[in-house]
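Student: coordinates for the following, if possible.
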Amino acid sequence: MASYKLDQSVKYAKSHEWARADDGIVVVGISDYAQDALSDVVYIDLPEVGDTVTAGKQVSTVESVKAAEDVNAPVSGEVVEINTALEDTPEIVNERPYDAWFFKVKPTDKLDAELAALLAPADYEKFVAELE
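Tutor: This is a model prediction of the structure:
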């Protein structure tokens, strides 16, 4: 059995980001699996509001005591909000990865296709099991 939690309300990228569509905006963060693999998160380089992001491309970086990893956009669009709380308390990603979102995107008209390309929680769980 997996030692990490899944959020049933989100879809997952194989690069370990999660995406939750919420009233026309997509909220993005990293999975519990990703934060666990990184260990203690110490810094997050967030995008700027107004940045245009492309699905599958790097948007930000998360740094831990072990490594630095790219955070990719799971969907394309414009960054409309960033979670400024992460600038002072990045460790909340370790404590509550599905509450500690990184940024919000106003998606392009490709949203349905891009969300369809992401993994449902059960499929992500199988994907991660194959990595272990």
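Student: all the helices of the protein, residue numbers only.
Tutor: 32-38, 85-88, 92-95, 111-116, 121-131 (DSSP state H).
Student: any idea what residue 12 is bridged to?
Tutor: Beta bridges link residue 12 to residue 18, residue 119, judged by DSSP bridges.
Student: quick check: buried residues in the helix or strand of the chain with the lowest mean pLDDT?
Tutor: Lowest mean confidence among the helices and strands of the chain (mean pLDDT, DSSP states H and E): helix 111-116, at a mean of 91. For helix 111-116, burial by neighbour count (16 or more other CB atoms under 10 Å) applies to 111, 114-115. C-betas here are computed from N, CA, C, even on glycine.
Student: which one of those residues is nearest residue 69?
Tutor: residue 114 (21.1 Å; CB to CB).
Student: give me the low-pLDDT residue ranges for this protein?
Tutor: 1-2 (pLDDT under 70).
Student: rerun that using 90 as the cut-off
Tutor: By pLDDT under 90, the low-scoring segments of the chain are 1-4, 22, 66, 109-111, 132.
Student: identify the residues contacting the least confident helix or strand of the chain?
Tutor: 11, 19, 21, 26, 55, 74-77, 107 (CB atoms under 8 Å, 6 or more residues apart in numbering).
Student: over to stretch 20-28?
Tutor: Residues contacting stretch 20-28 (CB under 8 Å, 6+ apart): 7, 9-11, 17-19, 59, 71, 73-75, 77, 80, 101-107, 111, 115.
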